[in-house]
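A.B. asks: Show me the folded form of this:
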Amino acid sequence: MTSTAEITPDTIAPRTWRKVGTRIIPLIGVAYVASYIDRANVGYIAEPMSHDLGLDSGQIGLAAGLFFVGYVLVEVPSNMMLKRFGARRWIARIMITWGAVTAATAAVNSAVTLYLARLLLGFAEAGLAAGILLYLTFWFPRRQRSWALSGFFLMTPVSSIIGAPLAAALITWGRDLFGIAGWRALFLVEGVLTIGVSLLILAFLPARPRDARWLDDREKAAIEETLAAEAAEQRAHGAPSGLGQALTSGRVWAMALAWSALAFGLYPLAFFLPTMISSIRHGTGGAGDVDGVLLSAIPYAVAILTLLVWARFAGRMTAVTATAVPMSLGATGLILATFAKSGVLFVPAVCLSVAGLMTAMPQFWRIPAIGLTGAAAASGIALINSVSNLSGFAGPYLTGSIEDATGSFTYALLTIAIIMIIGIGVLLTAGRRMERLYGGRS
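C.D. replies: Numbers count the residues shown, from 1 in each chain. Just a heads-up that it's a prediction; the model follows:
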């Protein structure tokens with residue numbers, strides 16, 4: 001076993017990284033699971049909620065997308081606040097606020113009140129994802145980011161696998177357990193659980209390596225010095241380090257466009273996949289089709305395996321290559337899904353798409369970390385994630401509107417695939433340029 005005396009900034013013992021990974025990633029992962037379930041729950045309960053409130057697919061898509069309006073407006077300021085007040089307090093604050101809003105959403109009684117609740121939820125939850133991505137840069141240097149980001153983003157398909165059975169159970173038994181409609185029970189339970197997770201964050205999440213009681217002094221110093229040396233190297237190569245530099249950088253905006261294309265593929269599937277499966281299987285989804293909700297978990301189970309396998313190889317590739325390959329598979333799956341006339345063909349096509357999208361996500365976030373440091377990292381990461389959330393608004397709304405107009409999701413899936421292909425083109429040009437300027441691997 002390697003002794004702590006052998007730990008230096010240049011060669012940190014593998015057991016130190018295992019210690020950091022097992023202490024940090026599950027905790028922030030639980031927070032992200034809560035957030036992803038929370039934003040995707042409209043998709044799980046779209047049919048019974050539409051039935052009770054008298055909503056069509058376009059209105060459901062609008063409700064899903066309104067979440068991202070507040071998210072976009074507050075993302076950058078939220079990340080600057082996290083940098084100032086510390087991850088533990090700021091992430092907990094975000095979770096308490098959005099947990100309360102989610103629980104209150106159980107009481108909505110019309111399209112207007114649902115729209116208001118989703119808008120407030122976006123303001124409440126803004127900054128969580130970008131804050132966690134920034135937080136990971138406080139702990140993991142370039143050589144460790146591929147597996148660390150993969151471990152974190154593993155929580156996205158996990159959240160869908162957890163969320164689907166939870167939604168199905170509450171749709172079925174929510175009225176018996178709580179005396180309210182199942183979809184209302186889902187909002188209530190998820191809100192309370194989110195507040196509970198915030199207490200875990202307050203109790204156990206250290207802001208930076210120097211604050212971790214489970215690291216010894218040599219380990220703390222080695223990690224902090226390694227990260228400081230990397231930041232100095234980035235600045236020496238001219239990487240943006242200030243707020244204004246990041247917000248006016250063409251490369252940052254290009255990365256925002258590429259991430260937006262990826263998000264444009266992800267969110268409509270998250271919101272509408274149960275409905276898509278129900279409509280393929282039955283011609284039209286019934287109110288609260290529990291089988292459709294449960295079947296929607298299958299693509300995310302496949303995504304977990306794909307993400308884990310790809311993470312073993314991706315660290316040997318440039319970040320752009322490791323992102324573009326699975327993203328291309330995601331677009332291919334969407335195109336194949338447009339030809340599916342039965343669930344037997346549709347579900348495997350969606351499995352390919354979801355697996356590709358999910359696997360591309362952690363590899364993408366290696367790219368901004370190559371060329372941003374300091375305040376530029378905080379603002380740049382937030383800007384990229386913030387702009388992409390416009391796709392979170394447009395994607396579900398456009399998908400629902402196209403389905404209303406055509407009676408199927410075929411043209412919506414084709415539109416999403418085309419936008420993703422454009423994003424791949426941007427990634428291969430602007431991303432390659434960033435790698436040449438600041439370093440090919442991260």
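A.B. asks: could you pull out the helices for the stretch 151-300 of the chain?
C.D. replies: Using DSSP state H, counting those that start in this stretch, the helices of the stretch 151-300 of the chain run over 155-178, 182-204, 217-236, 243-247, 250-282, 290-295, 298-314.
A.B. asks: can I get those helices in TSV with distance to S78?
C.D. replies: In short, each C-beta sits where N, CA and C put it, glycine included. Shown next, in TSV, are the helices of the stretch 151-300 of the chain (distance: least, CB to CB, whole Å):
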stretch	distance to S78
helix 155-178	20
helix 182-204	15
helix 217-236	22
helix 243-247	14
helix 250-282	16
helix 290-295	32
helix 298-314	27
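A.B. asks: Go through those and pick out the most buried.
C.D. replies: helix 250-282 (a mean of 24; mean count of other CB atoms under 10 Å).
A.B. asks: rounded to a whole number, what's the mean pLDDT of stretch 22-31?
C.D. replies: Stretch 22-31 carries an average pLDDT of 88.
A.B. asks: Check stretch 172-183 too.
C.D. replies: Mean pLDDT, computed over stretch 172-183, is 86.
A.B. asks: Can you tell me what sits against stretch 79-90?
C.D. replies: Here stretch 79-90 makes contact (CB atoms under 8 Å, 6 or more residues apart in numbering) with 78, 91, 127, 130-131, 134-135, 138, 201-202, 205-207, 243, 375, 378-379, 381-382.
A.B. asks: Tell me the buried residues within the residues you listed.
C.D. replies: Buried by 16 or more other CB atoms under 10 Å: 78, 91, 127, 130-131, 134-135, 138, 201, 205-207, 243, 375, 378-379, 381-382, out of those.
A.B. asks: hmm, back to that, quick one: which of the helices of the stretch 151-300 of the chain is nearest V426?
C.D. replies: Ranking those by their distance to V426 (criterion: CB to CB) puts helix 250-282 first, at 4.6 Å.
A.B. asks: can you give me the angle the closest one makes with helix 155-178?
C.D. replies: On the basis of axes from the mean of the first three to the mean of the last three CA atoms, to 10 degrees, helix 250-282 is oriented at 50 degrees to helix 155-178.
A.B. asks: Next, the contact list for V189, please.
C.D. replies: Per CB under 8 Å, 6+ apart, neighbours of V189: L166, L170.
A.B. asks: Against S35, how distant is it?
C.D. replies: For V189, the distance to S35 (CB to CB, to the nearest Å) stands at 15 Å.
A.B. asks: any idea how far M81 is from the closest residue to L357 other than its chain neighbours?
C.D. replies: If the residues on either side of it in the chain are set aside, L357 comes closest to G330, at 4.1 Å by CB to CB, 6 or more residues apart in numbering. Using CB to CB, G330 is found at 33 Å from M81.
A.B. asks: Then D217?
C.D. replies: From D217 over to M81 the distance is 30 Å, taken as CB to CB.
A.B. asks: repeat for G127
C.D. replies: G127 is 7 Å from M81, where distance means CB to CB.
A.B. asks: G330 and M81 - which one has more neighbours?
C.D. replies: G330 (27 against 18; other CB atoms under 10 Å).
A.B. asks: Enumerate every residue touching the more buried one.
C.D. replies: Applying CB under 8 Å, 6+ apart, the residues contacting G330 are L262, G265, L352, S353, V354, A355, G356, L357, A360, M420.
A.B. asks: so the fourth one touches A337, yeah?
C.D. replies: Translated: S353. Yes: counting by CB atoms under 8 Å, S353 touches A337, with 6.5 Å between them.
A.B. asks: Can you pull out the low-pLDDT segments for the stretch 1-150 of the chain?
C.D. replies: The stretch 1-150 of the chain contains residues with pLDDT under 70 at 1-11, 39-40, 43.
A.B. asks: Name all residues that make contact with A124.
C.D. replies: For A124, the contacting residues are G70, I94, T97, W98, A100, V101, by CB under 8 Å, 6+ apart.
A.B. asks: ok so, going back, just the contacts of stretch 79-90: which are in strands?
C.D. replies: Taking DSSP state E, every one of the contacts of stretch 79-90 sits outside strands.
A.B. asks: quick one on the thing from earlier: in helices only, show me the contacts of A124.
C.D. replies: The helices, defined by DSSP state H, take in G70, I94, T97, W98, A100, V101 from these.
A.B. asks: Out of those, who's the most crowded?
C.D. replies: W98 (27 neighbours).
A.B. asks: So that one is in contact with G127, correct?
C.D. replies: No: W98 is beyond contact range of G127, at 10.3 Å (criterion: CB under 8 Å).
A.B. asks: tell me which of the contacts of G330 is nearest to W183?
C.D. replies: V354 (23.4 Å).
A.B. asks: List the contacts of the residue nearest to that closest one when sequence neighbours are not counted.
C.D. replies: Spatial nearest neighbour of V354, excluding adjacent residues (CB to CB, 6+ apart): P299 at 3.8 Å. P299 makes contact with L269, L273, V347, V350, C351, S353, V354, A355 under the criterion CB under 8 Å, 6+ apart.
A.B. asks: and if we set it to 6 Å?
C.D. replies: By CB atoms under 6 Å, 6 or more residues apart in numbering, P299 lies in contact with V350, C351, V354.
A.B. asks: For the first one, give its distance to L273.
C.D. replies: For V350, the distance to L273 under the criterion CB to CB works out to 7 Å.
A.B. asks: Likewise for the last one?
C.D. replies: Computed with CB to CB, the distance linking V354 and L273 is 8 Å.
A.B. asks: swap in R23?
C.D. replies: 33 Å.
A.B. asks: A117 now?
C.D. replies: Separation of A117 from L273 (CB to CB): 22 Å.
A.B. asks: how near is A254 to F264?
C.D. replies: A254 sits 16 Å away from F264, going by CB to CB.
A.B. asks: How about I60: what's its closest non-neighbour residue?
C.D. replies: Nearest to I60 is A46, by CB to CB, 6+ apart, at 4.9 Å.
A.B. asks: Around the one you found, count how many other residues there are.
C.D. replies: The tally of other residues near A46 (other CB under 10 Å) stands at 28.
A.B. asks: Render the CA-only coordinates of stretch 214-223 in CSV, please.
C.D. replies: The C-alpha atoms that make up stretch 214-223 are tabulated as CSV, following Å, rounded to 0.1, in the frame of the first residue of the first chain:
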residue,chain,number,x,y,z
TRP,A,214,-11.1,12.4,5.5
LEU,A,215,-7.9,13.5,3.7
ASP,A,216,-4.7,13.9,5.5
ASP,A,217,-2.5,17.0,5.3
ARG,A,218,-0.2,15.6,2.6
GLU,A,219,-3.1,14.5,0.4
LYS,A,220,-4.8,17.9,0.7
ALA,A,221,-1.6,19.7,-0.2
ALA,A,222,-0.9,17.4,-3.1
ILE,A,223,-4.3,17.9,-4.7
